[in-house]
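[1] Need the 3D shape of this:
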Amino acid sequence: MDSLAEAVLHGASADDIAREPVPQEYVAAHINAADTGMFEGVADKDVRKSINVGRVPMPELAPDEVLIAVMASSINYNTVWSATFEPLPTFQFLKRYGKVGGFAARHDRPYQVVGSDASGVVVRAGAGVNRWRAGDHVLVSCIQTDDHEPATHNDSMLSAGQRAWGYETNFGGLGHYAVAKASQLIHKPPHLTWEESGSSMLTASTSYRMLIGEKGARIKLGDIVLIWGATGGLGAFAVQLVRNAGGIPVGVVGSEAKAEAARALGCEVVINRAEIGLDGPATPEETIERAKRLGKLIRKETGEDPHVAFDYVGQATFGISVFVVRRGGTVVTCGSSTGYQHSYDNRYLWMNSKRILGCHAANLHEQAECGRLFGLGRLAPILSTVYPLQEVGEAARLVQQNRHTGKVGVLCLAPEEGLGVTNPQLRERIGAARLNPLRNL
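    Below is the predicted model:
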């Protein structure tokens, strides 16, 4: 391990961190452009074969950027997309970004360091950064934006220059170091460990924007919210947010084990999709019949149809979501893990004045508000398991095959779990059981 990383791990002062040299290379999880065709004609695109852990060159720091010693990160589904080179190789994003010129050209490399979550310690700040300094404990937002674009100052998620960090950019979070814009940082909640905080922000803030934020469904007291994949990284935070808002979370899961996890998170109604025949391909007519079965069950348990359907599953569920929400109801979506081509009967949308809302990640203000909820103990991390960086391929494979609940964390520089807590009193007051509802199921 290099001397800068050693200094950080031993709690060195800001001045001491600043004196240590930045290494010329660092260890990171990365994919290679030369491998983009490796899965052509292959049914099982095993991400363990495409994700490499090894040394990569340290990039030069731009004036508006920070270099972070990454303590922990996590697996998001976009890392699975990167590692399967689908729906298109992310090296196309890097090449396009590189054409912007200047410091953007660094991103167009024959390798990509992946990962869109990170918690860690700032070790260098560019000449244009005045809000952050060496030694600061931070979380990294998953979105990079162009601060010079006017739309960014309205809502950065509407900015044409916004990019998913570690997916549409290089130098992401799954490594010993990461490069991020200073405008991506928020303060790490002091009562959380590195792995708890490093696995939370992307999915928690996306769920926040979808349900609470001004651009989302704006749920309120008493709203019934249908949550597909209620124990996944997005769904498990959605359950907590609905409960916090005084709503009624109705979780759909795929097994009895996940049903138990959904109840532990606070789901008032839990539905095993296999038990009511929601799995597998369906014709349009079969989709409507499935939606009727689901709607009947929700009405039996709650007395009403759902106000909102929280849908990131996509192709397999979207037609049901559109049908099952009440008149004037809302379907809010941020992804399509089962396929991008959605099919639904439009009569049930227009004739019942329903809405479809698209949400992508979250702007910095929404991320900061989400971080505030963590700091207040209103949101809890949803880690189910943690892997070391050397086994990141196995961690990504778990997510690829949907064999996980909650979030799968990855220790980067942190040598073990449980480190990084700087406010143990708050942690004790909240309670370990509340902080990790999925760890011991």
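
[2] quick one, longest strand in this structure?
    When secondary structure is assigned using DSSP state E, the longest strand within the chain turns out to be strand 65-74.

[3] What is the helix or strand following that strand packed up against?
    Scanning forward in sequence from strand 65-74 by DSSP states H and E, the next helix or strand is helix 77-84. With contacts taken as 3 or more Cβ pairs under 8 Å, 6 or more residues apart in numbering; DSSP states H and E, helix 77-84 sits against helix 392-400. C-betas here are computed from N, CA, C, even on glycine.

[4] What strands line up against whichever helix or strand comes after the helix it packs on, and which way round?
    As assigned by DSSP H and E, the chain's next helix or strand after helix 392-400 is strand 407-411. Sheet pairing of strand 407-411 (DSSP bridges) gives strand 65-74 (antiparallel), strand 383-388 (parallel).

[5] what about H30, distance to A182?
    Counting by Cβ to Cβ, to the nearest Å, the gap between H30 and A182 amounts to 24 Å.

[6] Among these two, which residue is more densely surrounded?
    Using other Cβ atoms under 10 Å as the criterion, H30 and A182 rank with H30 on top: 27 against 20.

[7] what's across from that one in the sheet?
    On DSSP bridges, the residues paired with H30 through beta bridges are N52, V113.

[8] can you pull the contacts of it?
    With contacts defined as Cβ atoms under 8 Å, 6 or more residues apart in numbering, the neighbours of H30 are I51, N52, V53, G54, V56, Y111, Q112, V113, V114, G175.

[9] Contact partners for the first one?
    Pointing back at I51 there. With Cβ under 8 Å, 6+ apart as the criterion, the residues that contact I51 are A29, H30, I31, T79, A83, V114, V392, G393, A396.

[10] try it again with 7 Å
    With contact taken as Cβ atoms under 7 Å, 6 or more residues apart in numbering, I51 is in contact with A29, I31, A83, V392, G393, A396.

[11] Count the neighbours of the fifth one for me.
    G393: 20 surrounding residues under other Cβ under 10 Å.

[12] hmm, which of the contacts of H30 are the buried ones?
    Restricting the contacts of H30 to buried positions leaves I51, N52, V53, V56, Y111, Q112, V113, V114, G175, with burial counted as 16 or more other Cβ atoms under 10 Å.

[13] For G335, see how far away I219 is.
    Going from I219 to G335 by Cβ to Cβ gives 19 Å.

[14] ok, longest helix in this protein?
    Ranked by residue count and defined by DSSP state H, the top helix of the chain is helix 284-302.

[15] how about that one: buried residues?
    T287, I288, R290, A291, R293, L294, G295, I298.

[16] helices or strands up against that helix?
    Other elements packing on helix 284-302 under the criterion 3 or more Cβ pairs under 7 Å, 6 or more residues apart in numbering; DSSP states H and E are strand 248-253, strand 269-272, helix 318-324.

[17] Hey, what's the angle from it to strand 248-253? Just curious.
    Relative orientation of helix 284-302 and strand 248-253, computed by axes from the mean of the first three to the mean of the last three Cα atoms, to 10 degrees: 130 degrees.

[18] Dump helix 284-302 to PDB, restricted to CA.
    As requested, the backbone C-alpha atoms of helix 284-302 are provided in PDB (Å, rounded to 0.1, in the frame of the first residue of the first chain):
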ATOM      1  CA  PRO A 284     -51.200  -8.100 -23.500                       C
ATOM      2  CA  GLU A 285     -54.300  -9.900 -22.400                       C
ATOM      3  CA  GLU A 286     -52.400 -11.900 -19.800                       C
ATOM      4  CA  THR A 287     -50.800  -8.700 -18.500                       C
ATOM      5  CA  ILE A 288     -54.200  -7.200 -17.800                       C
ATOM      6  CA  GLU A 289     -55.300 -10.400 -16.000                       C
ATOM      7  CA  ARG A 290     -52.200 -10.200 -13.900                       C
ATOM      8  CA  ALA A 291     -52.800  -6.600 -13.100                       C
ATOM      9  CA  LYS A 292     -56.400  -7.400 -12.100                       C
ATOM     10  CA  ARG A 293     -55.100 -10.100  -9.700                       C
ATOM     11  CA  LEU A 294     -52.600  -7.800  -8.100                       C
ATOM     12  CA  GLY A 295     -55.100  -4.900  -7.900                       C
ATOM     13  CA  LYS A 296     -57.600  -7.200  -6.200                       C
ATOM     14  CA  LEU A 297     -55.100  -8.300  -3.600                       C
ATOM     15  CA  ILE A 298     -54.000  -4.700  -2.900                       C
ATOM     16  CA  ARG A 299     -57.600  -3.600  -2.400                       C
ATOM     17  CA  LYS A 300     -58.200  -6.500  -0.100                       C
ATOM     18  CA  GLU A 301     -55.300  -5.500   2.100                       C
ATOM     19  CA  THR A 302     -55.600  -1.700   2.000                       C
END
